[in-house]
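A.B. asks: Sequence and predicted structure are below.
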Amino acid sequence: MMKKTSKLAALLLLPLAAMNVAVAANFPVGTHLIKGTLKDWQNKVLTSSAAVTIQAVATNGTVIASTKVADPSADGYNFLLQIPLSTTATDSTAAVGDTLNCVLVQDSGLSFAATPLAVGDANAVSNVFLAFVNMKGYSKDGQGTVSVPVEYVDTIAAWMEAYEIEGDYDPFADYDGDGASNYAEYCAGTNPFDETDKLAITAYSTPQSATHAISFEYVGGHVYGVATTRSLTNPQWATQPVKKSATDAEHEQVMPSADEEDVGIATIYVVPAEGATSQFFKVEAK
């Protein structure tokens, strides 16, 4: 009797031992947090009104984690992804050291790939910065196809409705005849249906530091830069590094104010081109 009981006990223990071995091979190890900032194509931090979802997607296409864009916190972050971790990646978890695809999804259903996300240690936090470029192809006979943000279409459609104008949203056109295309005015924040409202240099001087001081009227939330050429006979415009002050470090472009309601005069500084006897400038909105 004793031997039979021992054999039965042994038989019962074997499956349990095997099961314990299987569980030990892959078990949860915690969560890795990815704290990030999602910005738009103008380098502005998006708010919850953007209606965008950030997804962390495994290489097999499974969504591991997702979150909506929120209003930015005091430190500028507007989303937090919680990545569940296990010792070995599964259909619902990642493993430390994995790289997940990042997908940005609009409520309209459109999706865009973003910078891949690196999975760090459990109970640790990674900081990431992502750019959301919402683009739309625009075709025109004889001028090929260009990509413009969907926001441009929405903006000019609102202008045309306000002015009771029908027609194309043509980004190449200059509906107010002021020399700036509809799309250039959209980038500058000016009215494409008002010839008196356009981006222009308002003042120029050469301070003692020998930098060119260029003043222009800006609209908050828009990014500006400077292009230069040495001749207007056959102009070869090239982007010029700019400074926020005469003693500042050089930047590719500047945003005078992030407040979209802010309008005013800004001055940026440009170092003269080496050996140039003459130099011409134009301010551009990016």
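C.D. replies: Received, thanks. Numbers count the residues shown, from 1 in each chain.

A.B. asks: Ile265 in helix, strand or coil?
C.D. replies: strand (DSSP: H, G, I helix; E, B strand; the rest coil).

A.B. asks: ok, now which ones touch the residue lying closest to His222 once chain neighbours are set aside?
C.D. replies: In this structure, His222 finds its nearest non-sequential neighbour in Gly189, 4.6 Å apart by Cβ to Cβ, 6 or more residues apart in numbering. (Glycine included, C-beta is placed from N, CA and C.) Counting by Cβ atoms under 8 Å, 6 or more residues apart in numbering, Gly189 makes contact with Tyr218, Val219, Gly220, Gly221, His222, Ala285.

A.B. asks: Check these and tell me the two furthest apart.
C.D. replies: Largest separation among the contacts of Gly189 by Cβ to Cβ: Gly220 and Ala285, giving 12.2 Å.

A.B. asks: Those two: which is more packed in?
C.D. replies: Ala285 (22 against 16; other Cβ atoms under 10 Å).

A.B. asks: in the sheet, who's paired with the more buried one?
C.D. replies: Tyr224 (DSSP bridges).

A.B. asks: Repeat that for Ala118.
C.D. replies: Where Ala118 sits in a bridge, its partners, by DSSP bridges, are Thr99.

A.B. asks: doesn't Thr99 make contact with it?
C.D. replies: Yes - between Ala118 and Thr99 there is a contact under Cβ atoms under 8 Å: 5.7 Å.

A.B. asks: buried residues in the longest strand along the chain?
C.D. replies: Longest strand in the chain by number of residues (criterion: DSSP state E): strand 28-40. Neighbour-count burial for strand 28-40, counted by 16 or more other Cβ atoms under 10 Å, picks out Val29, Thr31, His32, Leu33, Ile34, Gly36, Thr37, Leu38, Lys39, Asp40.

A.B. asks: and which of those residues is nearest to Glu252?
C.D. replies: When those are ranked by distance to Glu252 (Cβ to Cβ), Lys39 comes first, at 15.8 Å.

A.B. asks: and the closest one, how far is that from His251?
C.D. replies: 17 Å (Cβ to Cβ, to the nearest Å).

A.B. asks: Check Thr206 too.
C.D. replies: Counting by Cβ to Cβ - Thr206 and His251 are separated by 20 Å.

A.B. asks: more crowded one of these two?
C.D. replies: His251 (13 against 10).

A.B. asks: Now do the contacts for that one.
C.D. replies: Contacts of His251 (Cβ under 8 Å, 6+ apart): Pro241, Val242, Lys243, Lys244.

A.B. asks: Of the residues you listed, which is the nearest to Ile156?
C.D. replies: Nearest to Ile156, judged by Cβ to Cβ, of the contacts of His251 is Val242 at 28.1 Å.

A.B. asks: The nearest residue to that closest one once chain neighbours are set aside: neighbouring residues, count only.
C.D. replies: In this structure, Val242 finds its nearest non-sequential neighbour in Ile268, 4.5 Å apart by Cβ to Cβ, 6+ apart. Using other Cβ under 10 Å, Ile268 is surrounded by 26 other residues.
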